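> I need the structure of the sequence given here:
(chains A and B)
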Number of protein chains: 2
Amino acid sequence: MQHDTLLLELFAIFVWAKVFGEMFEQLSLPAVLGEILAGVVLGPYATGLVIPSTTVFSIAEVGAIFLLFTVGLETPPKDLIKVGRQSLRVAMTGIVVPFLFGFLYLRLRGDPAHESTFVAAAMVATSVGITARVLADMHVLHTRIARVILGAAVFDDILGMILLAVVTGLASAAGIQWLQLSVLLIEAVGFALVMIFLGPRLVRHMRPGLERMSTQNAPLILSLAICLGLSVAAQRIGLAAIIGAFFAGLAFAEYSPEWRLRPRVNAINEFLAPYFFFTMGARLDIRVFRGQIIVAAVIITFLAIVSKVLGCALPLLRDGWRDGLRVGFGMMPRGEVALIVALVGLNMKIVSQGAYAIVIFMTAVTTLLAPPILRVLFRDLQEQEEPLPQTIQTQEAPRLG
Amino acid sequence: MQHDTLLLELFAIFVWAKVFGEMFEQLSLPAVLGEILAGVVLGPYATGLVIPSTTVFSIAEVGAIFLLFTVGLETPPKDLIKVGRQSLRVAMTGIVVPFLFGFLYLRLRGDPAHESTFVAAAMVATSVGITARVLADMHVLHTRIARVILGAAVFDDILGMILLAVVTGLASAAGIQWLQLSVLLIEAVGFALVMIFLGPRLVRHMRPGLERMSTQNAPLILSLAICLGLSVAAQRIGLAAIIGAFFAGLAFAEYSPEWRLRPRVNAINEFLAPYFFFTMGARLDIRVFRGQIIVAAVIITFLAIVSKVLGCALPLLRDGWRDGLRVGFGMMPRGEVALIVALVGLNMKIVSQGAYAIVIFMTAVTTLLAPPILRVLFRDLQEQEEPLPQTIQTQEAPRLG
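Next up is the predicted model:
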């Protein structure tokens, strides 16, 4: 029976992904990288112990949808107004500079325009989760600089999605046509604006109706239905499905705490995300990692770091280079969005195995480097802005002495 | 691309199942029946508007696993000791009598032994959810009789699973062999006993380790892994996968409130269960509903009601026939377990389309009839055992008059 294999496969992938993830966590490394590594090591291109079936790839696809839905749920549109212009400026230059650097380098290297666009788009998306955790551990999340980073990350998500929308749309066409580019840009920006401004209001209007409904968990069910529906809608108008899922999350973000959506959508994620990250790794042909590709991977990674730090630091130059560096390196780690961009390209057969490997390498390195660098950069701020425990210490010291 | 279709399919099935479910809820009928009806109406045998792909059938299979995992999570083994012997007796006679009635009728009708065993096993499993909700609405959940019903339902689940284990195992063999039957019975009872007595202890031992783990949501992840693992294990030793999932739930039931497992596993269920119930309906060829099959469906349903009421009332005879009827009709509704038993049989090609239709008919009728009958039977108890609000009312009445 086929089901025999499916359950065994689901079990094996889930356990291996979690075991590798936990090993990484124990080493203070991001669990996500461990889950990807599990896929690389056990997948068809290395040991071949676990070869995911098409059903598992489909489940992974659904996992990506819910992953982006959660990212959206964590981005309440009304917070965007609060975080202010400085964050918006940081996000914008932090997107434009890496994209240009990446695109120009790849074009100079002789890569096709479409592939260059995808890889450059993957260089754009900040994954602020790692940074947020490091800053929380250092107790500096309350500082102005930390708030600028978190605010910029919110804009970064939305701008990144608009960029991906344009890139995906462009890739379906033959060559760059300015009219089409404008249409796509308007489409993507329109989608974003509708979901940011109209989405939460629509949800608010549906609220009394939801509370009258007999079905238990009506808000959760509605949010899941809209997440799936907008994913399909996004696909239909030529965008990536995950863009719809992300914007669906945006619309529900404001009511997420009240309706306890996050912990419950997270439970779905806990189950589905490992399949996404594992198959992510299983798709990576490690044999492409040699010669030219290694050189390109190192250069792209270097450019991804320099361009992001430079881009994000730019609007903060008059606050001094230290603050610029803090924000720049805070925005450096790439994560699931970069990976999904590369995967969308791979599925569309626009991104080659080599370029896919480069993006995974870049994501891994920027994610791994961020924590140690941030710890050094924020050390001053930590001592400076935590005077209370120190005062107590100095007061108590004489008594003991 | 194939993914286009998958997301659209997932969206369409989710929405239709939930719309039908909500319509049923508004009519005070069980939502589950609405979700099944959605599959019947839209599925390949009727309008053919939504024809589930193999991927959706696989997702439905995973949905069944989590459904039974939740049933297990709601069954803390230590509660079994509390509910006492009366509940155990009710559960046992309430299983033996329907099984015998069903098996003998089908054999007399000339059905093959294997199919008869499966249909009879499907006649066994009580789904107490509907009863619990009716009794809660009537504020009689605290009465002794209600407690006997809920307690018996817990034993009923476990005994039903053991029966299914034996039936599945038997079906793989050619003809009934007493040695093999004994081995299977020992295997199933052993599995149940291990999970009831050792399971919770093992979980307790793992507790300190879990709390040391860096991975967030370690208990949820462990429980999901064990649920998948025991499903695979159950399959390997010749039992149905859901039996493993059920027993995995049993082991974690005690810690479910502390680790908030239920709301989170329920979120996974909210997403996956509609696919299970929809495909359940989509598999039903309504064209088989005529002549012989209708007669058999009506007789089986009648037998399922009479035998369950009789079986469950038997141990309560000295408490008077009224209490016997209350417990009997409280245990009457069949639900997801009956459906899954039929589905396991259908997948093993032991249960025919006709017998599958009969089980769905029987499940629907017993579930639909229970609420009105229970409301009549418990009316006296409601007046008798709710003196507090009435006293207040009579005290206040003179003042007003």
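> please list the residues of the stretch 151-300 of chain A that sit near chain B.
By the rule C-beta under 8 Å from any C-beta of the partner chain, the part of the stretch 151-300 of chain A lying against chain B is A:213-215, A:217, A:220-221, A:224-225, A:228-229, A:231-232, A:235, A:241, A:260, A:263-268, A:270-271. Backbone N, C-alpha and C define where each C-beta goes, glycine included.
> give the burial count for A:I358, as a bare number.
Using other C-beta atoms under 10 Å in any protein chain shown, A:I358 has 28 neighbouring residues.
> ditto for A:T363
29.
> my guess is it contacts A:L339. True?
Yes: between A:T363 and A:L339 there is a contact at 5.9 Å, judged by C-beta atoms under 8 Å.
> now for the two: what residues contact both?
Common neighbours of A:T363 and A:L339, using C-beta atoms under 8 Å, 6 or more residues apart in numbering or on different chains, are A:A122.
> tell me the SS of A:S28?
coil (DSSP: H, G, I helix; E, B strand; the rest coil).
> verify the stated contact: it with A:P371.
Yes: A:S28 is in contact with A:P371 according to C-beta under 8 Å; the separation is 7.2 Å.
> with neighbour numbers in mind, choose between those two.
A:P371 (18 against 11).
> tell me if I'm right that that one and A:L135 touch.
No: the criterion here is C-beta under 8 Å, and A:P371 misses it with A:L135 at 10.1 Å.
> the strands in the stretch 301-401 of chain A, which residues?
Per DSSP state E, counting those that start in this stretch, the stretch 301-401 of chain A carries no strands over any range.
> any weak-confidence spans in it?
Within the stretch 301-401 of chain A, the stretches with pLDDT under 70 are A:383-401.
> rerun at 90
A:314-323, A:333-351, A:364, A:367-372, A:375, A:378-401 (pLDDT under 90).
> for chain B, give me its nearest residue in it.
A:N347 (7.3 Å; C-beta to the nearest C-beta).
> can you get me a residue count around that residue?
15.
> ranges for the helices of the stretch 151-300 of chain A?
Taking DSSP state H, counting those that start in this stretch as the criterion, the stretch 151-300 of chain A carries its helices at A:178-193, A:199-212, A:218-236, A:241-252, A:261-282, A:292-313.
> okay, and the helix or strand of chain A with the least pLDDT?
When the helices and strands of chain A are compared on mean pLDDT, DSSP states H and E, helix A:387-400 comes out lowest with a mean of 38.
> so A:E254 touches A:P77, yeah?
Yes: using C-beta under 8 Å, A:E254 makes contact with A:P77 at a distance of 7.1 Å.
> shared neighbours, these two?
A:P200.
> now whichever helix in chain A runs longest: average pLDDT?
In chain A, taking DSSP state H as the definition, the longest helix is helix A:77-109. In this model, helix A:77-109 has an average pLDDT of 86.
> check the offset of the helix or strand following that helix from the chain's centre.
Downstream of helix A:77-109, the next assigned helix or strand under DSSP states H and E is helix A:113-122. The chain centroid and the centroid of helix A:113-122 are separated by 17 Å under C-alpha atoms, centre = their mean, to the nearest Å.
> in what helix or strand does the closest residue to chain B within the stretch 1-150 of chain A lie?
As assessed by C-beta to the nearest C-beta, chain B sits closest to A:E25 within the stretch 1-150 of chain A, at 3.5 Å. Taking DSSP H and E as the criterion, A:E25 maps to helix A:2-26.
> was I right to think A:G34 contacts A:F24?
Yes: using C-beta under 8 Å, A:G34 is in contact with A:F24, at 3.2 Å.
> check contacts around the closest residue to A:A165 other than its chain neighbours.
Spatial nearest neighbour of A:A165, chain neighbours left out: A:A188 (3.5 Å); criterion: C-beta to C-beta, 6 or more residues apart in numbering or on different chains. The contact partners of A:A188, taken as C-beta under 8 Å, 6+ apart, are A:M161, A:I162, A:A165, A:V166, A:G169, A:L239, A:I243.
> which members of those are the farthest-apart pair?
A:M161 and A:G169 (12.5 Å; C-beta to C-beta).
> give me the number of residues near the nearest residue to A:L159 once chain neighbours are set aside?
Once flanking residues are discounted, A:L159 sits nearest to A:I95: 5.1 Å by C-beta to C-beta, 6+ apart. For A:I95, the neighbour count with other C-beta under 10 Å is 27.
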